[in-house]
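**Q** Here is the input, now give the coordinates:
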Amino acid sequence: MNLGDAMLVTALWGIWTMLAYWVFLSVGASRYYFSSNEEVVRLARWEGHLPFVSVMVPAHNEALVIERTVRALCGQDYPVDRYEVIVVNDGSSDGTGDIVAELCEEFPQLRCYDVPIGEGGKGKSRTLNVGLVQARGELISVFDADNTPEPTCLWLLVATLENDPRLVAVNAKVRTRNRDATWLTRFINLEFIYFQWLFQGGRWAWFGLSMLMGTGYVIRRDAIDVLGGFDETSLVDDTEMSLRIFRGDQRIRWVPYAVTWEQEPETFRAWLRQRIRWTQGNLSVIWKYLPHAVNHPYPLGLEILTFLFNYVIFVPALVTSHLTFLLSILGVVTVDIPGPYLYMWILAVVIFTLHMSFAALSEDRRWSDADYSLLCYFTYAQLFILVLFSAAYQNLMGRLFRKKLHWAKTARTEEGE
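**A** This is a model prediction of the structure:
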């Protein structure tokens with residue numbers, strides 16, 4: 001077997017292992033789609049105890065989006081005397097605190113807490129820990145400052161959590177509010193729908209496993225206290241908290257019928273910074289919890305295995321596939337193994353496109369989204385190769401030169417009404 005043959009075989013095994021896994025997850029996602037539709041009907045008749053909820057909104061220079069978020073949170077179909085909304089103003093210099101202070105006069109459940117001077121600007125986890133000290137709820141909910149949850153979102157999250165004692169946390173479905181703003185936000189909209197149904201819904205159906213997503217979630221306060229709050233050294237508070245929960249053999253559930261809408265980056269630069277930060281954080285927490293996976297094969301080990309499949313098997317296999325094609329065109333390597341490789345590549349593209357199209361159509365019934373699915377394969381999806389290698393390089397340099405990971409805030413965009 002020559003070099004070209006070896007590269008091709010490696011690429012095929014890596015890519016088709018993941019494709020087979022995705023097909024398996026899609027079957028579970030379909031099951032979960034129908035079962036969740038039935039469950040939301042049952043929950044509509046539920047009349048159980050509604051615990052007091054503290055909704056925390058970490059906010060650092062969020063003047064462009066904070067009013068819309070506060071109004072959505074204070075307009076929830078949840079008894080006003082059973083929840084509070086705490087905007088943790090993390091050293092904002094753009095008037096965020098003033099906007100929230102004015103809204104406090106309109107909404108009795110709203111409070112604004114200003115992080116003391118000198119203690120702010122240290123990342124989302126630090127801001128959440130400061131807010132925890134102010135929170136009075138039995139349950140803690142976290143929403144990013146650019147989120148507008150639907151009116152039933154909080155109630156459905158709480159009802160789902162209270163109806164299943166196995167759960168310590170639940171996460172809403174996150175949708176893209178500005179999905180029609182640019183070509184980039186259209187792709188992000190597709191990505192979020194696809195990721196959530198396949199990796200959240202599909203894995204929950206088969207393994208009882210899903211993760212926190214950083215916004216739109218509710219978690220039991222006693223669980224946070226046992227875990228010691230949010231990890232202030234991590235760039236990804238959601239992934240890190242999820243893995244700690246899994247290490248304790250606890251469960252998180254993704255709830256597709258509770259929906260929150262958020263603003264996504266509209267420029268490539270803002271998107272790239274955000275995704276590199278996420279990937280840097282994910283790589284760091286995987287490294288941190290990898291030694292514990294052996295002692296906790298389920299759910300922690302299985303969760304880490306999912307990350308490893310993507311980062312260590314699939315993306316390198318995809319890069320190898322691209323290199324094999326390029327080098328064979330240039331005549332540097334030759335492929336002598338016979339096989340229907342062109343048809344296998346076409347089938348892989350078809351599977352990807354169908355998965356993404358079905359996920360998009362199940363949400364919005366917009367054929368324009370499905371049209372973007374094929375284009376997504378050749379453009380947006382390939383950008384994650386750049387993201388992964390950039391994040392891995394920065395993490396490596398950080399370890400070699402003992403530099404701390406840097407929190408990069410996502411830029412907001414002013415939206416019309």
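**Q** Please count neighbours and contacts with C-alpha atoms only from this point.
**A** Noted.
**Q** Please report the distance of residue 162 from residue 337.
**A** 57 Å (Cα to Cα, to the nearest Å).
**Q** between those two, which one's more packed in?
**A** Taking neighbours as other Cα atoms under 10 Å, residue 162 and residue 337 compare with residue 162 leading, 18 against 14.
**Q** Model confidence at the more buried one, what's the number?
**A** According to the prediction, residue 162 has pLDDT 95.
**Q** Quick check: it vs residue 52, distance?
**A** Look at residue 162 and residue 52: by Cα to Cα, they are 12 Å apart.
**Q** do residue 76 as well
**A** With distances taken as Cα to Cα, residue 76 is found 14 Å from residue 52.
**Q** can you check residue 275 too?
**A** When residue 275 is compared with residue 52 (using Cα to Cα), they lie 34 Å apart.
**Q** after the strand or helix carrying residue 195, next one along is what?
**A** Taking DSSP states H and E as the definition, residue 195 sits inside helix 183-195. Going down the chain from helix 183-195, the next helix or strand is helix 203-207, by DSSP H and E.
**Q** Extract the C-alpha trace of the helix or strand following that next one and format it as CSV.
**A** The helix or strand immediately downstream of helix 203-207 is strand 217-220, counting by DSSP H and E. C-alpha atoms of strand 217-220 as CSV (Å, rounded to 0.1, in the frame of the first residue of the first chain):
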residue,chain,number,x,y,z
TYR,A,217,-31.0,26.6,31.1
VAL,A,218,-32.3,25.8,34.6
ILE,A,219,-30.2,24.0,37.2
ARG,A,220,-30.8,23.0,40.8
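**Q** Tell me the buried residues in strand 217-220?
**A** 217, 218, 219, 220 (16 or more other Cα atoms under 10 Å).
**Q** longest strand of the chain?
**A** As assigned by DSSP state E, the longest strand anywhere in the chain is strand 251-262.
**Q** Check which helices and strands the following helix or strand past that strand is in contact with.
**A** Once strand 251-262 ends, the next helix or strand along the chain (criterion: DSSP H and E) is helix 268-289. If you count contacts as 3 or more Cα pairs under 8 Å, 6 or more residues apart in numbering; DSSP states H and E, helix 268-289 packs onto helix 237-247, helix 383-400.
**Q** Helix 268-289: which residues count as buried?
**A** Within helix 268-289, the residues scored as buried using 16+ other Cα under 10 Å are 270-286, 289.
**Q** what angle sits between the helix-or-strand element of the chain with minimal mean pLDDT and helix 183-195?
**A** Lowest on mean pLDDT, DSSP states H and E among the helices and strands of the chain sits helix 367-378, with a mean of 82. Helix 367-378 runs at 90 degrees relative to helix 183-195, counting by axes from the mean of the first three to the mean of the last three Cα atoms, to 10 degrees.
**Q** ok so, going back, return the member of the helices and strands packed on helix 268-289 having the minimum mean pLDDT.
**A** helix 383-400 (a mean of 89).
**Q** With adjacent residues omitted, what lies nearest to residue 190?
**A** Nearest residue to residue 190, sequence neighbours excluded (Cα to Cα, 6 or more residues apart in numbering): residue 360, at 6.3 Å.
**Q** ok, that neighbour - contacts?
**A** 190, 193, 194, 366, 369, 370 (Cα atoms under 8 Å, 6 or more residues apart in numbering).
**Q** Mind picking the one among these that's closest to residue 157?
**A** Closest approach to residue 157 among these (Cα to Cα): residue 193, at 18.7 Å.
**Q** What's the local residue count around that closest one?
**A** 22.
**Q** Report the separation between it and residue 249.
**A** Going from residue 193 to residue 249 by Cα to Cα gives 27 Å.
**Q** before we move on, what about residue 226?
**A** 13 Å.
**Q** Which one's more surrounded, those two?
**A** Using other Cα under 10 Å as the criterion, residue 226 and residue 249 rank with residue 249 on top: 14 against 8.
**Q** give me the low-pLDDT residue ranges for this protein?
**A** Across the chain, the ranges flagged by pLDDT under 70 are 117-121, 367, 404-408, 416-417.
**Q** Leaving out sequence neighbours, find the closest residue to residue 65.
**A** Here the residue nearest residue 65, using Cα to Cα, 6+ apart, is residue 146, at 5.5 Å.
**Q** what sits against the one you found?
**A** Residue 146 neighbours (Cα under 8 Å, 6+ apart): 62, 65, 66, 68, 69, 262, 263, 412.
**Q** With adjacent residues omitted, what lies nearest to the fourth one?
**A** Meaning residue 68. Spatial nearest neighbour of residue 68, excluding adjacent residues (Cα to Cα, 6+ apart): residue 148 at 6.8 Å.
**Q** Please confirm that the one you found is located within a helix.
**A** No: secondary structure of residue 148 (DSSP: H, G, I helix; E, B strand; the rest coil): strand, not part of a helix.
**Q** Could you check how many residues crowd around it?
**A** Counted with other Cα under 10 Å, the neighbours of residue 148 add up to 27.
**Q** Same check on residue 1?
**A** Neighbourhood size, residue 1 [other Cα under 10 Å]: 10.
**Q** Next: residue 311.
**A** Counted by other Cα under 10 Å, the residues lying close to residue 311 total 18.
**Q** Contact partners for it?
**A** Applying Cα under 8 Å, 6+ apart, the residues near residue 311 are residue 388.
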